[in-house]
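Undergrad: Give the three-dimensional model of this entry:
(chains A and B)
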Amino acid sequence: MRQPAFAKTREAVRVLGFAAAFALAALLVSALVMGVFVGVLGFPDGDKGPAWPGVEELSQGLTREDGTYRLDDYATDALKRTGRWAMLIGAGGDVVWSESLPADVPAHYEMADVASFTRWYLNDYPVSTWVRDDGILVVGAPKGSAWKYTYTTSENSVLLSLGLMLALLVSNMIVAIMVARAYARRSWAERDHARREWIAAVSHDVRTPLAVALADADTLARDEVLGTEQRMRAGRVESKVSEVASLVADLNVANQLSYAMEPVDATAVVLAPIVRSVAVEALNDDVDGNHPIEVDIAEDAEDCRVRGDAALLRRMLVNLVGNSVRHNPQGCTVRITLSTLPHRFLRRDRCSLVVEDNGKGLSADMLESLRRAPSGDLPEHGLGLVIVRRIALACGGTASFTDAAGGGTRCELTFPLA
Amino acid sequence: MRDIHEARILAVEDDPTLREVVCELIEREGFREVRGAGTVADALTTFSTWRPDLLLIDIMLPDGNGFDLLRSIRQTSQVPAIILSARDEDEARLRGLGLGADDYVTKPFLPRELLLRISAVLRRTYGAGDSPRLLRLGRTTVDMGSGEVSKASGARETLTSKEYAILERLARSRGLIVTTDDLARAAWGDDYGYGNALMVHVRRLREKVEDDPSRPQWILTTRGLGYRLAKEEG
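TA: Numbers count the residues shown, from 1 in each chain, chains lettered A, B, ... in the order given. All right, here's what the predicted structure looks like:
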């Protein structure tokens, strides 16, 4: 019975693991996509083929010898190949050296011009600059080939954006968990549905062969031609087949109840006639008189109506009485008491239905498992009493199992009145 | 029909073994005319040519279901039907459909339970049949045809309709306890709120059939539950 809690933790761990794996996988996929882009298309501002040397490298290639500037072959080649041009603006603002300079680029610059083109464009040419001892080296790319933009931000926003990144990561994780949960829920619901249908189908199909077995066993048990021994054996087969049949019925009820908490045919059911009819049926079946049943229905409880399904409530009582009879073959008295409970402020009026016997009682194990909160799993034994509890809960009531004062079993059920 | 054992019974059940078992059971009980059918089509053909007096219908059939079979039979005939079902839910569905089935048996069933129900439905539908017309309570006899009570002293009294209904219900389950609710339903057609009225009618009934109404010998009270008509000794 400890299993359910265990299973829950395991499921939670599984969901968390799934979310982590999901986030990690998302990260990996992003990295992969980026890698593919970079590998196949190159960096956005780079060109295909050998890398563009960059303005700093170009500057190193520009040397001054005997008053004339000279650009080395590698840099010249690179400039030509990429359609770029270059110029060096001297201290006075005049262009002192240039290479492939377009006609629409001026030859003299004021300070304001320099300030402008370092930030934005020079006559629509995207340019990069490098400050040298002897002036400013300007390298221009063809018009429309680059998007130039300068970004300034406060120190605070840098911190803020770091925080934002973290928040994004966390929210990503949360979304991943939610997606995982939704997915898991749906697949659980599907599995539950399939299992429920399956149990219903099996409990249906098993009844026809059971009917044949029961009929044959009963016929043999009554066959005068057979010896006492054989008839006794046939009688035993009959009683065992009956047990299997009632087990199948219990399984079916449990199956119905475990998924739909509210009974399908809920109406206001008067309890007293059901109590009487179950008691009378048990009394009429009790040929030896070993299991007398006392019924005590308080006068004001005669009209007690409970919201539920009459067939289920009946099954609940049949299981309780049947349990007392079956577990006390030596005989016991079963007592059924139906009474209204005192009115409590702000609470719906309730009635109490107590079924107790003076037999040998339930084992401590069984009592313990019945006392525990209902779990999704069915117990290995005592399905009948677990169903009692389920039915009570499904009708908005409670069920508690205790040792009776005289040593037998006592089950107290309470229901809100309809 | 002078004897319910002359009734023709048609068992519609798709499982051949169970069909055979059911037919055998009914035959062994003394019914002489029993036939089986395994499908809806088969059942409809047998129904129109053989005209059975009672139907046993399984819900799950290979070419349809028992509900539809019963519905199409109900269009032309009010022949009594007992539904054999393998699902507890079917009873609710049957009621929901408003199909008049006369009884309902869930598989698996005990043979004697099925036979009891067959006899009960046949008696209810085709008259008293072989049920005792004279109810013997020691030296007192009650004519269940006319509702007349004859005491050993020669005194005669007639039962009222309520008293008759109550006694008839008790006699039908003689030896067994019958709940007050069942008795009220037999007398008033409703089981709710007749507790005191029932007590009054039972007292009057005792005055008519018991030798000493204050110490009844035949109509016995089971406290809090109902009444029982004692069986005759021997």
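Undergrad: going forward, measure contacts between C-alpha atoms and count neighbours the same way
TA: OK.
Undergrad: Now stretch B:62-77 - C-alpha only, CSV.
TA: Taking C-alpha atoms only, stretch B:62-77 is exported to CSV below (Å, rounded to 0.1, in the frame of the first residue of the first chain):
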residue,chain,number,x,y,z
PRO,B,62,-24.0,-11.8,-32.8
ASP,B,63,-26.4,-9.9,-35.2
GLY,B,64,-27.9,-7.3,-32.9
ASN,B,65,-28.8,-6.9,-29.3
GLY,B,66,-31.6,-8.1,-27.0
PHE,B,67,-33.0,-4.6,-26.6
ASP,B,68,-33.7,-4.3,-30.3
LEU,B,69,-35.1,-7.8,-30.5
LEU,B,70,-37.5,-7.2,-27.6
ARG,B,71,-38.5,-3.8,-29.1
SER,B,72,-39.4,-5.4,-32.5
ILE,B,73,-41.3,-8.2,-30.8
ARG,B,74,-43.2,-5.7,-28.6
GLN,B,75,-44.6,-4.0,-31.7
THR,B,76,-46.8,-7.0,-32.3
SER,B,77,-46.9,-9.0,-29.1
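Undergrad: Wondering if it reaches chain A at all.
TA: No. Residues of stretch B:62-77 are not located near chain A by C-alpha under 8 Å from any C-alpha of the partner chain, the shortest gap being 13.6 Å.
Undergrad: pLDDT weak spots in chain B?
TA: B:1-2, B:89-98, B:100, B:127-132, B:191, B:233-234 (pLDDT under 70).
Undergrad: Which positions in it make contact with chain A?
TA: Contact residues, chain B versus chain A (C-alpha under 8 Å from any C-alpha): B:15, B:17-18, B:21, B:86-88, B:107-111, B:176-179, B:181, B:223-225.
Undergrad: can you rerun that using 7 Å?
TA: B:18, B:21, B:86-87, B:107-111, B:176-177, B:179, B:181, B:224-225 (C-alpha under 7 Å from any C-alpha of the partner chain).
Undergrad: Just the closest of those to residue A:281, please.
TA: Nearest to residue A:281 out of the residues of chain B next to chain A is residue B:177 (C-alpha to C-alpha; 8.0 Å).
Undergrad: That closest one contacts residue B:225, correct?
TA: No. Counting by C-alpha atoms under 7 Å, residue B:177 does not reach residue B:225; the two are 8.1 Å apart.
Undergrad: what bridges to residue B:219?
TA: residue B:229 (DSSP bridges).
Undergrad: who are the neighbours in contact with it?
TA: By C-alpha atoms under 7 Å, 6 or more residues apart in numbering or on different chains, the residues touching residue B:219 are B:206, B:227-230.
Undergrad: And the residues you listed, which of them are buried?
TA: Taking 16 or more other C-alpha atoms under 10 Å in any protein chain shown as the criterion, what is buried in these is B:206, B:227-230.
Undergrad: Okay, and the residue of the stretch 151-300 of chain A found nearest chain B sits in which element?
TA: Closest approach of the stretch 151-300 of chain A to chain B (C-alpha to the nearest C-alpha) occurs at residue A:211, with a separation of 3.9 Å. Element membership for residue A:211 (DSSP states H and E) is helix A:207-221.
Undergrad: so the following helix or strand past that helix versus helix A:207-221, what angle?
TA: Note on helix A:207-221: by DSSP H and E, the next helix or strand toward the C-terminus is helix A:228-259. If you take axes from the mean of the first three to the mean of the last three C-alpha atoms, to 10 degrees, helix A:228-259 sits at 160 degrees to helix A:207-221.
Undergrad: Please list the outside residues in contact with the next helix or strand after helix A:228-259.
TA: Where DSSP H and E defines the elements, the next helix or strand beyond helix A:228-259 is strand A:267-270. Strand A:267-270 is contacted from outside by A:303-310, A:418, using C-alpha under 7 Å, 6+ apart.
Undergrad: Spatially nearest residue to the residue positioned nearest the centre of chain A (excluding sequence neighbours)?
TA: What sits nearest the mean C-alpha location of chain A, by C-alpha atoms, centre = their mean, is residue A:181, with 3.3 Å. Distances taken as C-alpha to C-alpha, 6 or more residues apart in numbering or on different chains put residue A:15 closest to residue A:181, at 6.7 Å, once the chain neighbours are dropped.
Undergrad: And for that neighbour, the neighbour number?
TA: Using other C-alpha atoms under 10 Å in any protein chain shown, residue A:15 is surrounded by 19 other residues.
Undergrad: Secondary structure element holding it?
TA: Applying DSSP H and E as the criterion places residue A:15 in helix A:3-41.
Undergrad: Please point out which parts of that helix sit buried.
TA: Of all the residues in helix A:3-41, those buried under the rule 16+ other C-alpha under 10 Å are A:15-16, A:18-20, A:22-23.
Undergrad: And for stretch B:73-85?
TA: Buried-residue list, stretch B:73-85, by 16+ other C-alpha under 10 Å: B:73-74, B:79-85.
Undergrad: between these, which is nearest chain A?
TA: Top of the list for closeness to chain A, among the buried residues of stretch B:73-85 and by C-alpha to the nearest C-alpha, is residue B:85 at 9.0 Å.
Undergrad: Can you tell me the SS state at the residue sitting nearest the centre point of chain B?
TA: In chain B, the C-alpha nearest the mean C-alpha coordinate belongs to residue B:120, at 2.9 Å (C-alpha atoms, centre = their mean). Residue B:120 carries the three-state label helix when classified by DSSP: H, G, I helix; E, B strand; the rest coil.
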